[in-house]
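Student: when you get a sec, could you give me coordinates for this:
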Amino acid sequence: MHHTTPPSPSSSSTQASSQLSQLSRQSPQSPPCPPADLVGRLRAAGCVFAEDEAQLLWETASGPDELRAMTARRVAGHPLEHVLGWAEFAGLRIAVDPGVFVPRRRTESLVRCAAACAPGAGTPVLVDLCCGTGAVGVALLAALGGRGELHAADLDPAAVRCARRNLAQAGGHVHEGDLFAALPGSLRGRIDVLTANVPYVPTADIPLLPPEARDHEPRPALDGGPDGLSLLRRVATDAAAWLAPGGALLTETSSHQAQPAADLLSAAGLEVTVTTDPDLNATTLTAHRPGPGPGRPPGSVKGGGVEEGAPTRR
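Tutor: Numbers count the residues shown, from 1 in each chain. Just a heads-up that it's a prediction; the model follows:
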């Protein structure tokens with residue numbers, strides 16, 4: 001499977017911190033206080049936000065037996081989202097199956113950038129490659145008020161099954177296969193917004209990832225090759241042929257990879273913009289196929305540059 005944003009080595013507690021309050025707000029109503037021994041077990045297992053996690057487990061479990069089973073999995077180190085069966089992403093509840101990559105909060109920045117690239121009228125064609133749970137595509141379609149023809153693709157059958165559950169209500173289509181080879185040929189040259197949140201952790205850095213990611217998420221969803229850009233190179237090679245004139249490819253990377261990533265996208269004939277969001281610790285690359293696009297006259301974007309700081313567009 002080729003998939004979305006791997007966490008940084010320090011992201012385990014950061015991920016929990018940024019999502020737990022959101023998760024709690026969306027959980028069903030239930031008795032307000034989990035048992036004190038549940039909090040103690042989670043804290044002893046190293047869960048930094050033990051009280052919040054206990055509340056989520058308490059609210060989600062259907063009864064004492066399920067609560068014990070869920071707690072045992074969490075104490076054993078399984079990602080909280082795998083234990084709960086869902087994650088909060090861009091204000092939506094996204095189903096997350098065991099063994100499928102957990103959507104990261106930082107990727108909400110990519111969704112916002114993608115929504116800004118969509119045509120303001122009509123039914124834009126939206127494609128989410130390396131879709132994992134399908135969270136990016138679902139959130140993008142929601143940001144556009146449901147306006148769009150949505151396709152998603154992943155190589156991993158488990159991710160495809162999970163994405164089909166998440167895209168079902170949105171009327172999206174999920175395809176199984178390797179990058180563009182998974183897509184219907186009728187989409188070639190018609191895609192208005194293409195999100196491809198490919199893995200970008202260099203192979204040598206995989207052992208540095210938190211155990212939750214390293215041990216419980218699929219390796220192909222994390223490993224971006226020797227320099228972390230192997231999958232992006234493959235996407236860049238074929239992107240222009242699949243994008244509509246003025247259409248945009250969006251991907252996420254780390255701040256230190258932004259310049260080489262922008263360079264390889266520029267070398268593929270795309271016009272590159274870099275957006276940084278320090279609040280989410282996110283770096284998003286937007287690469288347009290040359291040609292007039294929505295609200296974008298020809299030549300309005302320069303390629304290859306990297307601009308750091310509060311969400312800015314170059």
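Student: any chance you could map the strands in the stretch 51-200 of the chain?
Tutor: For the stretch 51-200 of the chain, the strands defined by DSSP state E, counting those that start in this stretch cover 86-89, 92-95, 125-129, 149-154, 173-176, 191-196.
Student: dump those strands to TSV, plus mean pLDDT.
Tutor: Shown next, in TSV, are these (pLDDT from 0 to 100):
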stretch	mean pLDDT
strand 86-89	95
strand 92-95	96
strand 125-129	98
strand 149-154	98
strand 173-176	98
strand 191-196	98
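Student: just the pLDDT for S11.
Tutor: pLDDT for S11: 41.
Student: ok, L129 - contacts?
Tutor: H2, A152, A153, D154, L179, F180, A182, L194, T195, A196, V198, V235 (C-beta atoms under 8 Å, 6 or more residues apart in numbering). C-beta coordinates here come from the backbone N, C-alpha and C atoms, glycine included.
Student: most neighbours among those, which one is it?
Tutor: Neighbour counts for those, by other C-beta atoms under 10 Å, peak at D154, which reaches 33 neighbours.
Student: re the thing from before, looking at the contacts of L129, which one is closest to H173?
Tutor: Of all the contacts of L129, H173 sits closest to A152, with 7.3 Å by C-beta to C-beta.
Student: where in the stretch 151-300 of the chain is pLDDT low?
Tutor: 293-300 (pLDDT under 70).
Student: and the biggest strand by length in the chain, which strands flank it?
Tutor: Under DSSP state E, the strand in the chain containing the largest number of residues is strand 243-253. If you go by DSSP bridges, strand 243-253 pairs up with strand 191-196 (parallel), strand 282-288 (antiparallel).
Student: which is the next helix or strand following that strand?
Tutor: Downstream of strand 243-253, the first helix or strand assigned by DSSP states H and E is helix 258-267.
Student: quick check: angle from the following helix or strand past that next one to strand 282-288?
Tutor: The first helix or strand that comes after helix 258-267 along the chain, using DSSP H and E, is strand 271-277. Inter-element angle recorded for strand 271-277 and strand 282-288: 160 degrees (by axes from the mean of the first three to the mean of the last three C-alpha atoms, to 10 degrees).
Student: what angle do helix 258-267 and strand 271-277 make with each other?
Tutor: 150 degrees.
Student: given strand 271-277, what are its sheet partners and their directions?
Tutor: For strand 271-277, pairing defined by DSSP bridges yields strand 282-288 (antiparallel).
Student: and the partner strand, C-alpha only, in CSV?
Tutor: Provided in CSV are the C-alpha atoms of strand 282-288 (Å, rounded to 0.1, in the frame of the first residue of the first chain):
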residue,chain,number,x,y,z
ALA,A,282,2.4,20.9,8.3
THR,A,283,4.0,21.5,4.9
THR,A,284,1.9,21.1,1.8
LEU,A,285,3.1,21.3,-1.8
THR,A,286,0.6,22.3,-4.5
ALA,A,287,1.7,21.6,-8.0
HIS,A,288,-0.4,22.9,-10.9
